[in-house]
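Student: Okay, sequence plus prediction incoming.
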Amino acid sequence: MFEYCSLVSGSSGNCHFVKTTESRILIDVGLSARGIERSLDLLGESMENVVAVFISHVHSDHTRGLRVLMKRYGFILYAHASVLEAMELEESHRIKAIQGDVMIGEMRIKSFPLPHDAETTLGFRIDYDEKHLGIVTDLGYVPEEVEEILLPCDFLVLESNHDENLVRMGPYPYPLKQRILGEEGHLSNEAAGELIARLYKARKKLRFVMLAHLSEKNNYPELARMSVEHVLEKEGIRPGKDLLLDVAHRDHCTAIYRIL
C-alpha cells in the first residue's frame, strides 16, 4: 500500500501526507498544529503515527505548525542544514540534517534543490515498492536535473501557481510580480503543463498529476486545470485517458489516492 493525500496546498499553507503499509510521513506542515491534527483525524489517521516530517524550506506556508507539533509528538524532523540554521534548530536525535537519501521503513526519500528564493528549497521523490511519487512546489523554472529525477514518477504533485497574465494585470506591486515570474519564484500553469507533457512523452509512465500550491490572487482551480489540459492536448496527450489530473484544495483535504 502506497497512498498520498494533500491536507492543504496553496499560497497560505501546504502539507502532504504519505502513507505506506509500514509508515506515515508528512512533507511540510504549513498550517496550525490543530489544523493538521483535525485533518488527519478526518482521514482516520493521527499525528501519533507520523514517524517523520520533512520540511522543503523555511517559508511559513510550509513550517507554520512545526514547533507546536514537535512539542506534542515524537516524530523525527528532516530538513536541509541551512533550513535548520535559519530556524535556529540544532541537530539532535530528533532533528536531522538531510544528507543523501533518507530511508523511512521501506520508503526511500530522495531530496533535490529547487530554484526558489529561500534557503535551499527542496523537492522530494518518494520511492516505494517500485512506485515513485514526486512532490515539487516552489520553483521558478524546472532545471534539467530536476526533470531527470522526476522521470520515473507514477504520481506527481506539481506546483501550478499562477496564470502569467493575471499576475501582470493584477494588483501586486511590481517587485512582487517580478519575484513571482522570475527564475526563483513560482511555476505558472503553462510551465506546469509543459513539464507534465515532457515527462509523460519521455516514458509514458506518469499516470496522475495533482496540481498544487495555487496562488489565491493569481489563479483558481478551474483555470489551472484548463490551462494544463490545453497544453497537454496540444502535445497529443488526452487528459482523463492518458493521464489523470486533479487540483489540491487550499483549505481542506483531497481524497486519499492509492499509487498503483
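Tutor: Received, thanks.
Student: the helices in the stretch 101-250 of the chain, which residues?
Tutor: In the stretch 101-250 of the chain, the segments counted as helices under DSSP state H, counting those that start in this stretch are 144-150, 164-169, 174-181, 189-203, 221-234.
Student: how much space is there between the residue nearest to residue 211 when sequence neighbours are not counted and residue 101?
Tutor: Closest residue in space to residue 211, ignoring its immediate chain neighbours: residue 160 at 3.9 Å, by C-beta to C-beta, 6 or more residues apart in numbering. For glycine as for every other residue, the C-beta is placed from the backbone atoms N, C-alpha and C. Remark: distance between residue 160 and residue 101 (C-beta to C-beta, to the nearest Å) = 27 Å.
Student: And for residue 71?
Tutor: 29 Å.
Student: And residue 134, by the same measure?
Tutor: 14 Å.
Student: how many other residues sit next to the closest residue to residue 235 other than its chain neighbours?
Tutor: The shortest distance from residue 235 to any non-neighbouring residue, by C-beta to C-beta, 6+ apart, is to residue 197 (4.1 Å). Residue 197 sits with 20 neighbouring residues when counted by other C-beta atoms under 10 Å.
Student: which ones are touching residue 197?
Tutor: 231, 232, 235, 237 (C-beta atoms under 8 Å, 6 or more residues apart in numbering).
Student: Check it and give its pLDDT.
Tutor: Residue 197 carries a pLDDT value of 98.
Student: returning to that earlier point: residue 160 and residue 101: which has the busier surroundings?
Tutor: Shown here are residue 160 and residue 101; by other C-beta under 10 Å, residue 160 has more neighbours (33 against 12).
Student: so what's the more buried one up against?
Tutor: Counting by C-beta under 8 Å, 6+ apart, residue 160 touches 187-189, 192-193, 211-214, 219, 224, 227-228, 247.
Student: Pretty sure residue 22 sits against residue 128.
Tutor: No: judged on C-beta atoms under 8 Å, residue 22 makes no contact with residue 128 at a distance of 9.3 Å.
Student: what residues are shared contacts of the two?
Tutor: Common neighbours of residue 22 and residue 128 (criterion: C-beta under 8 Å, 6+ apart): residue 106.
Student: Report the central residue of the chain.
Tutor: With distances taken as C-alpha atoms, centre = their mean, residue 135 lies nearest the centre of the chain, 3.9 Å away.
Student: got a list of what it touches?
Tutor: Residue 135 sits in contact with 16, 27, 123, 124, 125, 126, 157, where contact means C-beta under 8 Å, 6+ apart.
Student: what's the farthest-apart pair in those?
Tutor: 16 and 125 (12.7 Å; C-beta to C-beta).
Student: In terms of neighbours, single out the busier of the two.
Tutor: residue 16 (28 against 22).
Student: ok, that one - contacts?
Tutor: 4, 5, 6, 7, 9, 26, 27, 28, 135, 157 are the contacts of residue 16 under C-beta under 8 Å, 6+ apart.
Student: Is residue 203 in contact with residue 152, as I believe?
Tutor: Yes: the pair residue 203 / residue 152 is scored as a contact, 7.5 Å apart, by C-beta under 8 Å.
Student: more crowded one of the two?
Tutor: Comparing residue 203 with residue 152 by other C-beta under 10 Å, the one with more neighbours is residue 152, at 17 against 10.
Student: Model confidence score at that one, please.
Tutor: Looking at residue 152, its pLDDT reads 98.
Student: ok, now residue 119?
Tutor: Predicted confidence (pLDDT) at residue 119: the value is 80.
Student: Residue 11 now?
Tutor: 89.
Student: tell me the contacts of it?
Tutor: By C-beta under 8 Å, 6+ apart, the contact list for residue 11 reads 61, 161, 213, 214, 215, 216, 217.
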